[in-house]
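Participant: pasted the sequence and its predicted model underneath.
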Amino acid sequence: MLPALYNGSPLTRPTNRLSHLFEQFFRDDPFPPPAMPPLAVWEDTNAVYVEMDVPGVASDDIDLSVHDGTLTIQAERKAEARESGYEGRSFGKVVQRVALPAPVTADGVEAVTSNGVLRVTLPKTPDSKPRKIAVRPS
């Protein structure tokens with residue numbers, strides 16, 4: 001049987017339940033990073049496409065920028081002021097950077113939100129599109 005590893009080092013078994021609880025408490029991150037919204041990226045011969053789930057985010061609260069082959073998406077979901085009750089949803093600002101698989105023309109970028117999904121179309125530069133080369137007989 002192979003030894004269990006944690007971060008590349010052998011994981012020793014605690015001798016009692018209290019030791020196990022302390023080890024688990026200090027091993028786990030008490031403040032995990034915020035979850036990133038689901039994201040999809042694909043391309044065809046004409047453009048690169050990016051879709052990101054942004055439920056509850058108004059289009060005015062989304063900022064996009066393209067620089068040096070990277071698309072940066074900043075979205076903020078604002079909390080509504082309420083006097084009482086329970087709130088289990090998350091609010092705040094999310095920044096997502098996407099390395100683009102091909103050079104794009106920043107002037108032709110289109111972004112649309114519909115049903116909580118942001119759809120971004122980034123047209124490729126003419127140099128990055130495939131060219132058909134004619135072969136002539138000798």
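Facilitator: Noted; the coordinates are in hand.

Participant: where do the strands sit along this protein?
Facilitator: Ranges of strands within the chain are 5-6, 9-10, 39-43, 47-53, 62-67, 70-77, 92-99, 110-114, 117-123, based on DSSP state E.

Participant: closest to I133 out of those?
Facilitator: strand 39-43 (21.2 Å; CB to CB). For the C-beta atoms, the positions are set from N, CA and C on the backbone; glycine is no exception.

Participant: looking at the protein, which helix or strand does the model trust least?
Facilitator: strand 5-6 (a mean of 50; mean pLDDT, DSSP states H and E).

Participant: confirm for me that T105 is in contact with K124.
Facilitator: Yes: with contact defined as CB atoms under 8 Å, T105 counts as touching K124 (7.3 Å).

Participant: if you count what's nearby, which of these two comes out ahead?
Facilitator: Shown here are T105 and K124; by other CB atoms under 10 Å, K124 has more neighbours (21 against 14).

Participant: please name the bridge partners of that one.
Facilitator: Applying DSSP bridges to K124 gives these bridge partners: V104.

Participant: now swap in T72 and tell me
Facilitator: T72 has the following beta-bridge partners by DSSP bridges: S65, R97.

Participant: just the pLDDT for it.
Facilitator: If you check T72, the pLDDT there is 94.

Participant: isn't it right up against L100?
Facilitator: No: using CB under 8 Å, T72 is not in contact with L100; the gap is 10.8 Å.
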